[in-house]
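Q: Just a sequence and a predicted model for now, questions to come.
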Amino acid sequence: MRPGRLGELLGIELPVIQGPFGGGLSSVELAVAVSEGGGLGSYGAHILFPEEIGDLVARLEAGTDRPFAVNLWVPLDGESELQPSETDLSTHVARLRPYYEELGIHAPTAADVAAGPDFDAQVDALLAAAPPVISLVMGPPPRRLVEETRRLGIALIGTATTVDEAIALEASGVDAIVASGSDAGGHRGAFLRPVRESLVGTFSLVPQVADVVTVPVIAAGGIADGRGVTAALALGADAVQIGTGFLACQESGASAVHKAALGTPEARTTVLTRLFSGRTARGIPNSFVRDMAAHEDHVPPYPVQNALMQPIRRAAGAQGRPEYVNLWAGQSAALARQSPTAGSYLADLVNEADRLLKS
């Protein structure tokens with residue numbers, strides 16, 4: 001199994017990319033292990049402040065001399081201007097107060113809900129660090145990022161959840177496009193239309209995107225084993241991006257309770273929810289999701305809801321309370337293996353896909 005034209009673009013030996021997890025789920029160890037295995041390791045850096053990005057890239061470079069990717073979120077319209085002080089937090093805090101009390105933690109105040117990193121400053125820091133690959137979700141790249149990555153020889157990958165988004169991304173100047181189907185775990189990256197109008201399954205999305213763009217296409221969403229890899233390549237993808245399967249690996253930054261939920265019968269069911277962050281994301285439902293379902297449409301937007309939930313998520317993970325953890329997972333999460341090393345998982349993917357491609 002060869003990476004084709006992506007091999008030259010990204011400098012990889014295998015057509016497999018590790019999904020760039022956000023929210024602390026990424027780890028340098030996982031990204032390095034995947035890159036060392038011949039794929040493209042990735043690190044989700046959207047929560048990092050600019051001064052942290054240079055150190056991240058340095059640690060990745062110290063771990064491997066092979067290519068890796070660093071991922072950022074493009075802010076949605078109005079999101080970066082949303083200040084917590086402009087939002088009345090009292091109702092939202094009151095709704096979550098029983099969870100703060102049960103976990104023995106303090107409820108955040110308006111002062112605690114601080115603005116996150118500035119995207120433009122993140123871009124500046126990332127360009128200064130110059131990783132081999134930069135990937136984006138939630139929108140097209142700013143023009144200066146396209147121009148600077150070309151000047152520096154950095155590969156630039158965009159992420160589409162619909163055919164129209166893929167067309168827009170190619171027009172923006174990206175070098176490759178991740179076609180992320182609604183099967184994918186974690187946050188949805190729709191940017192042209194609302195998320196609920198952009199839920200196209202992976203194996204419907206990939207061939208349509210492959211038919212309308214000329215840049216390489218990377219299939220993502222619901223791909224967990226060699227069968228999924230083979231199917232994605234047959235549908236026109238140049239490579240696959242796998243999230244949940246790598247999230248279950250020993251090297252990932254997921255908590256023990258999160259990893260334990262993957263590869264189980266309970267993982268056969270996933271739902272889309274805004275409850276954990278204010279943005280729509282796919283995960284395994286737990287008691288928090290079920291108990292708060294009636295409030296789904298009333299939570300404040302990202303990043304406010306994310307900041308309100310952050311202490312709950314952290315405390316629940318530390319206390320081994322899966323009922324309050326955001327158990328991000330794709331629709332093939334039940335196929336995930338329990339705690340493999342990234343190297344063994346990658347090797348098994350490739351071996352199974354090779355057998356199927358030769359049969």
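A: Yep, it's here. Numbering: from 1, shown residues only.
Q: can you give me the helices in this protein?
A: 5-10, 28-36, 50-63, 90-103, 119-129, 143-152, 163-172, 202-212, 226-234, 244-247, 256-261, 287-291, 304-318, 342-358 (DSSP state H).
Q: With respect to residue 72, which of those lies nearest?
A: Residue 72 lies closest, by Cβ to Cβ, to one member of those: helix 119-129, at 5.7 Å. Where C-beta positions appear, they are placed from N, C-alpha and C, glycine not excepted.
Q: one step back: please identify the deepest-packed of the helices of the chain.
A: helix 244-247 (a mean of 30; mean count of other Cβ atoms under 10 Å).
Q: Tell me who's in contact with the residue nearest to residue 100 when sequence neighbours are not counted.
A: Distance criterion Cβ to Cβ, 6 or more residues apart in numbering; nearest residue to residue 100, sequence neighbours excluded, is residue 107 at 4.6 Å. By Cβ atoms under 8 Å, 6 or more residues apart in numbering, the contact list for residue 107 reads 93, 96, 97, 100.
Q: swap in residue 288?
A: Contacts of residue 288 by Cβ under 8 Å, 6+ apart are 99, 275, 323, 324.
Q: Equivalent analysis for residue 212, please.
A: Neighbouring residues of residue 212 by Cβ under 8 Å, 6+ apart: 163, 166, 167.
Q: Can you give me the distance of it to residue 164?
A: Per Cβ to Cβ, to the nearest Å, residue 212 is found 9 Å from residue 164.
Q: Repeat that for residue 307.
A: Residue 307 sits 32 Å away from residue 164, taking Cβ to Cβ as the criterion.
Q: Equivalent analysis for residue 255, please.
A: 36 Å.
Q: Please apply the same query to residue 241.
A: Relative to residue 164, residue 241 is positioned 20 Å away (Cβ to Cβ).
Q: what's the answer for residue 74, then?
A: 16 Å.
Q: Same check on residue 327?
A: Separation of residue 327 from residue 164 (Cβ to Cβ): 31 Å.
Q: For residue 174, which non-adjacent residue is spatially closest?
A: Distances taken as Cβ to Cβ, 6+ apart put residue 158 closest to residue 174, at 3.9 Å, once the chain neighbours are dropped.
Q: pretty sure the one you found contacts residue 178?
A: Yes - using Cβ atoms under 8 Å, residue 158 is in contact with residue 178, at 7.2 Å.
Q: For residue 179, give me the pLDDT.
A: Predicted confidence (pLDDT) at residue 179: the value is 99.
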